[in-house]
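1. 3D model of this:
(one chain, ligands or ions: 2)
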Amino acid sequence: MPFSHHSHSGQFCAHAKGTLEEMIQAAIAKGFDTFALTEHMPRDDEDLYPEEQGNTSAQGLTQLFDNYYWEAQRLRAKYQSQIHILIGLEAEWIRPSSLARTKALLEQYRFDLFIGSVHHMHTVPIDFDAPMYIEARRQSGGTDERLFEDYYDTQLEMLQALRPPIVGHFDLVRLLSDEPNRDLRSWPTVWAKMLRNLECIASYGGLLEINTAGLRKGMDDPYPAVPICQEFLRLGGRFTLSDDSHQVGHVGTNYHRLPEFLQRVDIEEVYRFVRAAESRDERFPGINVESVSIKDGVATHLSVSDTAQSSGAP
Ligand SMILES: [Zn+2]
Ligand SMILES: [Zn+2]
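-> Residues are numbered from 1 along each chain as shown. Ligands and ions are numbered 1, 2, ... in the order given. Next up is the predicted model:
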């Protein structure tokens, strides 16, 4: 039974489509046993995306996030006999206020997990469109190599400050670069910073998500690329799986390509979050991870049913 630890819905995110309930129904229809809801956390007024400007505000996003949390609770209860829903958020790392914002959310709500992501450099989004990527790169000195160095330094700050249970799209910075499929080993300084970050994640037991949105966006590998996953594996690091869906049609997309990818890296087990008597992280009582062997059961754990229809309300 497949699982995903990263999703968004159009109900609570301006660049996604569909309601939160429709996302859950799609996951059920596609045979998922575990599906994490991880809406983007609220941002400051100066960090609104173009489609949000004039339509909302930091305050509006904060209210929307509160609505999300309670709707997620309602839907988890409604569908609990059909699917294991995890409730979390995707944390941002944009400017100094990001730390206080994340901490306040973790105190205000009871989450099962969160994803630590870096979508911005010098406060400019790096995965939104080419002009913004180029502006971020300009502020790093004008080359992809320098931007990647800064990205991994910024990511380390995020990792040390937040210790996210899951690290989101670890090499997102490559998406809009000149050579998205470039092997980062060809940039020794970038590679060294990247390895340092993997060591940090492994040291506190964070999970690296294998995020199939990379494939959906046309890259050769999911995030992160094969050589990065191989290093994390060598460090004893643990992986989870995500589709990072932003609409119903994204649920489980490209999961059929995961067995070949996992084989290339030589990953034999992945992890999913479960309810358990013992917690792995004091911030998330009653939540732990469990190993899922994919060695013998690749088909069982990764195949997504495309024919099943949602059964609707129980
Ligand atoms: Zn998003
Ligand atoms: Zn993201």
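2. From the chain's centroid, how far away is stretch 159-178?
-> 8 Å (CA atoms, centre = their mean, to the nearest Å).
3. ok, now stretch 49-69?
-> Using CA atoms, centre = their mean, the offset of stretch 49-69 from its chain centre is 20 Å.
4. Same question for stretch 233-246.
-> Mean-position distance between stretch 233-246 and its chain equals 9 Å (CA atoms, centre = their mean).
5. Can you give me the end-to-end span of it?
-> In stretch 233-246, first residue to last residue: 28 Å (CA to CA, to the nearest Å).
6. Stretch 27-36 too?
-> Its first and final residues considered, stretch 27-36 spans 10 Å by CA to CA.
7. and the helix or strand hosting residue 88, how far out from the chain's middle?
-> Element membership for residue 88 (DSSP states H and E) is strand 84-91. Relative to the chain's own centre, strand 84-91 is displaced by 10 Å; criterion: CA atoms, centre = their mean.
8. Count the neighbours of residue 189 for me.
-> Number of residues near residue 189 (other CB atoms under 10 Å) recorded here: 12. For the C-beta atoms, the positions are set from N, CA and C on the backbone; glycine is no exception.
9. what's the pLDDT at residue 293?
-> Looking at residue 293, its pLDDT is 88.
10. Which elements pack onto the strand holding residue 88?
-> strand 34-40, helix 58-78, helix 97-108, strand 113-116 (3 or more CB pairs under 8 Å, 6 or more residues apart in numbering; DSSP states H and E).
11. right, and residue 245 touches residue 251 too?
-> Yes: Residue 245 lies in contact with residue 251 (CB atoms under 8 Å); the separation is 4.8 Å.
12. Could you name every residue contacting both of those two?
-> Residues within reach of residue 245 and of residue 251 at once, by CB atoms under 8 Å, 6 or more residues apart in numbering, are 4, 7, 23, 26.
13. any weak-confidence spans in the stretch 51-200 of the chain?
-> Nowhere does the stretch 51-200 of the chain drop to pLDDT under 70.
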